[in-house]
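> Okay, here's the prediction I keep looking at, along with the sequence it came from:
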2 protein chains.
Amino acid sequence: MKNLLLILMLVFTISEASSQKVNIEDSLTIRSIYDMALLNGKSYEWLEYLSNEIGGRLSGSLEAERAVKYTESILNELGLDKVWLQPVMVPKWTRGIAEYAYIETAPGLSSTTNICALGGSVATPDGGLKAEVIEVQGIEDLARYGKEQIEGKIVFYNRPMQADLINTFQAYGGCVDQRYAGAMEAAKYGAVGVVVRSMSLRMDDFPHTGSMTYGDTPADQRIPACAISTNGAEYLSSVLKIKPDLKFYFKQNCKTFNDVESYNVIGEITGTTYPNKFMIVGGHLDSWDLGDGSHDDGAGCVQSMEVLRLFKKINYKPKHSIRVVLFMNEENGLRGGRKYAEIAKLKREEHVFALESDAGGFTPRGFSFDTDDANFKQIKSWESLFKPYLIHYFEKGGSGADIGPLKEDGVVLSGLRPDSQRYFDHHHAASDTFDAVNKRELELGGAAMASLVYLMDKYGTKTEVTEVKK
Amino acid sequence: MKNLLLILMLVFTISEASSQKVNIEDSLTIRSIYDMALLNGKSYEWLEYLSNEIGGRLSGSLEAERAVKYTESILNELGLDKVWLQPVMVPKWTRGIAEYAYIETAPGLSSTTNICALGGSVATPDGGLKAEVIEVQGIEDLARYGKEQIEGKIVFYNRPMQADLINTFQAYGGCVDQRYAGAMEAAKYGAVGVVVRSMSLRMDDFPHTGSMTYGDTPADQRIPACAISTNGAEYLSSVLKIKPDLKFYFKQNCKTFNDVESYNVIGEITGTTYPNKFMIVGGHLDSWDLGDGSHDDGAGCVQSMEVLRLFKKINYKPKHSIRVVLFMNEENGLRGGRKYAEIAKLKREEHVFALESDAGGFTPRGFSFDTDDANFKQIKSWESLFKPYLIHYFEKGGSGADIGPLKEDGVVLSGLRPDSQRYFDHHHAASDTFDAVNKRELELGGAAMASLVYLMDKYGTKTEVTEVKK
């Protein structure tokens, strides 16, 4: 009994000592990653170019093509082992000339209000569309009002994001069905158009666009859909209370063309031990067209590129092949993410880990993980390494839209989780601009990502380790 | 032996059950605090008035007096038990008409650059001051160059804040001696003026002011001191490398008047159980004059006022007397903080806890505590209650300048610790304006503060609990 205790104590001491040793080496590597990112980072400079020299990068636009060429050229300068473009057909939807809208309370008595077409919407008739408005708090309300109260009207979805939720993405998730499916559902009740309150927690004059679907609604039954700014929504709602028969006019000139060819931009450092096992880090290169796409998702692209640059600069030679993937068409199709996964499957490339940054270039708080308990336990054991960098959030949860198609048993998926408070102030709006990005916050995100990829590469996922043991 | 084990298990189970019960009640109260702050907060509206209707509130200015009157009137509306003004004499230093500076590389060949006088500096002579420049990396360098290289010159302190430090306050602490004591030290070597690189991690054109001291330097040996923007500092340094004998000209018109009377603004909810034990929450009402003092420290003031409003709104009746104290003159004298502690001592008011918010209205990360191990242990036991709100930072450390004079054995001092990445972009500069404050980030800070004060009030500090038991 005494001997057993002694042995147990010894085992414990050794295992603690060896884990301490590991931690010191890891601590030093992570410190060198952060030093390089904060003292000699490149992501901010790259983002400045993407945002101010190129601008909004809607799929199929000239700007998107310029962004492909620019990021390819940067990756070529980093001394990676491979850089290539992966062709993918993407939808091409254009806004056309700026939208226009007004609220008419009596003939000749009207006030303009700020709207923008939702991505994928049809245009209004050439002369615009004018109709009475019915305000609802969500799709659920349609059945309650029924065809008799909705037919011939414009449906105004005005359920706001819930301000009492701490995570703003949760608040977004609780509202975005209005934008995504609102037109399709309202058309079933004979609505002639929809106006959706912008998905933002801030009261201002910016309308926020975003993707929508008509599902299998026949082309001739598709109704135009626009977003109205939060201030505009409050105003419209308050006027409706006094003047329920007011009319809303809007005109939009958007158009869907045939699909066009575009590209995912990919760079790789080939692994020293497992060249055929892949870990990827990415963001999406396309953006909406109203701002310059700095937070969504220029930030995620330059942070992902920075991860590979940091590895080269600190002379870290990964065991696995590490790829940066700049996905095309996350916003209105996810074609890039699907194509990447499709080709990976075709080529039987074994992907073991994927990390996406698509929640803005704000101070990173941590990561969420879509994985099993064994992998999650290993990841949690690294938490203390991140404490000096105030990275504290390690939870199970979603990862990122673009890497979603890679999901299968054993693949660890993760999403960077920056502070979310300001994200929806900018998301999909003209206010998503470079000046809203802080250099240090952006750089801290890239450094956190590189640190996680380093640990994943060094220790491997639990799934592949088990495999290798077999 | 078996019985002992059973007893121990029972004790453990009961204590766990009772602590669970406590946690549920606390969880619900904290949730109600956050709901009220995020759905029905007032701090942002108050800050808008302080910032945009009043503006920069330098001690002794009309704006400072207006801020006293405004915040007193707001506190009067909250239904507190007492609201009063506490008189305090404060220094009165004025900037006068805007400063002006240029770099002259040859007679008639010069370029202007952005400067501002440091707070407390003397003016230049009426015609301005022009002299050669010696660039140093800190006060330590003065002895190395000696009187022969410094005499008759302007000393240019150019040691930047260290970008590799994660906490920007640490980077500030590593540089601010140049601003605070640079003129006093340079004068000893015969310098005629000093130019200090702005305390900011951002490259831009804003000069950042801040307090400085002449120590016991006789009045006729005091030399004028200004701050130059970070871009300006880089430019000056680069031109000096090519043209070491360039001349720097600056003119500033600042002046120190006799002290004037001002006030700390105080409101109180009197405690139900311990009316004579005080817990205070505060910020400082004065600010520098270049911006409107939104982050430094309008934010801390409105958050502190909000704490008491939240208690009233959720109908929480504290056991201890809870005071909000809006201190006057933190920036250039700390007279308000000293006066408050002096009067508390005179009146033998027992202060048990003080919390200050003076690090900007950014997303709160947690708190630092200046306290003993017993109190710190109790505080750490509350960590899980804050986890849903992403408040994760509970460390020993400094609290706040204004509450510092209350420090004595047994008093728990604490400082709110918001995300620090953007703070020094705005600190003491014309860029410290209301538009740089995000409503939700501000409100989350007030809610976190109210939650901590609630727990402190409910459980008491360990020091007073021990006392009460005696």
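On my side now, so go ahead. Residues are numbered from 1 along each chain as shown, chains lettered A, B, ... in the order given.
> what's near enough to touch A:Glu350?
Residues in contact with A:Glu350 (Cβ atoms under 8 Å, 6 or more residues apart in numbering or on different chains) are A:Asn276, A:Lys277, A:Phe278. The C-beta positions use only the backbone N, C-alpha and C, and glycine is treated the same way.
> How about the residues of the stretch 51-200 of chain A by chain B?
If contacts are counted using Cβ under 8 Å from any Cβ of the partner chain, the residues of the stretch 51-200 of chain A sitting beside chain B are A:Ala163, A:Asp164, A:Ile166, A:Thr168.
> if you set the cut-off to 10 Å instead, what comes out?
A:Gln162, A:Ala163, A:Asp164, A:Leu165, A:Ile166, A:Asn167, A:Thr168 (Cβ under 10 Å from any Cβ of the partner chain).
> Low-confidence bits of chain A, can you list those?
Low-confidence regions of chain A, defined by pLDDT under 70, span residues A:1-22, A:465-470.
> for the longest strand along it, packing partners?
Once chain A is assigned using DSSP state E, the strand that runs over the most residues is strand A:255-269. Secondary-structure packing of strand A:255-269 (3 or more Cβ pairs under 10 Å, 6 or more residues apart in numbering or on different chains; DSSP states H and E): helix A:62-77, strand A:82-94, strand A:274-284, helix A:299-313, strand A:320-327, helix A:335-346.
> In its sheet, which strands sit next to it, and in what direction?
In its sheet, strand A:255-269 lies beside strand A:82-94 (antiparallel), strand A:320-327 (antiparallel), with partners assigned from DSSP bridges.
> which one of the ones you listed has the most crowded surroundings?
Ranked by average neighbour count under the criterion mean count of other Cβ atoms under 10 Å in any protein chain shown, these are headed by strand A:320-327 at a mean of 28.
> State the distance from A:Lys147 to chain B.
With distances defined as Cβ to the nearest Cβ, to the nearest Å, the gap from A:Lys147 to chain B amounts to 35 Å.
> now A:Arg95
In this structure, A:Arg95 and chain B are 28 Å apart, going by Cβ to the nearest Cβ.
> contacting residues for the nearest residue to that residue once chain neighbours are set aside?
On the basis of Cβ to Cβ, 6 or more residues apart in numbering or on different chains, the spatially nearest residue to A:Arg95 that is not a chain neighbour turns out to be A:Cys254, at 5.2 Å. With contact set as Cβ atoms under 10 Å, 6 or more residues apart in numbering or on different chains, A:Cys254 has these partners: A:93-97, A:99, A:116-124, A:209, A:224-226.
> And for A:Thr270, the neighbour number?
Look at A:Thr270: counted by other Cβ atoms under 10 Å in any protein chain shown, it has 17 neighbours.
> still on that earlier bit, would JSON lines of the strands paired with strand A:255-269 with distance to A:Arg417 be doable?
Below are those laid out as JSON lines (distance: least, Cβ to Cβ, whole Å):
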{"stretch": "strand A:82-94", "distance to A:Arg417": "27"}
{"stretch": "strand A:320-327", "distance to A:Arg417": "19"}
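> how about the strands in the stretch 1-150 of chain A?
If you assign secondary structure with DSSP state E, counting those that start in this stretch, the strands in the stretch 1-150 of chain A sit at A:82-94, A:100-106, A:109-112, A:115-117, A:129-136.
> ok now the longest one, how far from the chain's centre?
Distance, stretch centre to chain centre, for strand A:82-94: 17 Å (Cα atoms, centre = their mean, to the nearest Å).
> Next: the last one.
Relative to its chain's centre, strand A:129-136 lies at 32 Å (Cα atoms, centre = their mean).
> coming back round to it: got the CA coordinates for the longest strand of chain A in CSV?
Output in CSV follows, covering the C-alpha atoms of strand A:255-269 (Å, rounded to 0.1, in the frame of the first residue of the first chain):
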residue,chain,number,x,y,z
LYS,A,255,-30.4,42.0,-61.2
THR,A,256,-29.2,38.4,-61.3
PHE,A,257,-26.9,37.3,-64.2
ASN,A,258,-25.6,33.9,-65.2
ASP,A,259,-23.0,32.4,-62.9
VAL,A,260,-19.4,33.4,-63.6
GLU,A,261,-16.1,31.9,-62.9
SER,A,262,-14.1,33.0,-59.8
TYR,A,263,-11.6,31.4,-57.4
ASN,A,264,-10.7,30.3,-54.0
VAL,A,265,-7.1,31.5,-53.2
ILE,A,266,-5.0,28.9,-51.5
GLY,A,267,-1.5,28.8,-50.1
GLU,A,268,0.3,26.0,-48.4
ILE,A,269,3.3,25.2,-46.2
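> thinking again about what came up before, export the helices and strands packed on strand A:255-269 as TSV, with columns for distance to B:Tyr263.
Converted to TSV, those look like this (distance: least, Cβ to Cβ, whole Å):
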stretch	distance to B:Tyr263
helix A:62-77	56
strand A:82-94	60
strand A:274-284	52
helix A:299-313	45
strand A:320-327	57
helix A:335-346	60
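> To which secondary structure element is A:Gln203 assigned?
One correction, residue A:203 is Met, not Gln. Taking DSSP states H and E as the criterion, no element holds A:Met203; it sits outside all helices and strands.
> Near the closest residue to it other than its chain neighbours, how many other residues are there?
If the residues on either side of it in the chain are set aside, A:Met203 comes closest to A:Thr230, at 5.1 Å by Cβ to Cβ, 6+ apart. Residue crowding around A:Thr230 was assessed by other Cβ under 10 Å; the count is 24.
> Is it correct that A:Thr230 is in contact with A:His208?
Yes. When contacts are counted by Cβ atoms under 10 Å, A:Thr230 is listed as touching A:His208 (8.6 Å).
> okay, and the common contacts of these two?
If you check A:Thr230 and A:His208 against Cβ under 10 Å, 6+ apart, the residues they both contact are A:Arg197, A:Ser198, A:Met199, A:Ser200.
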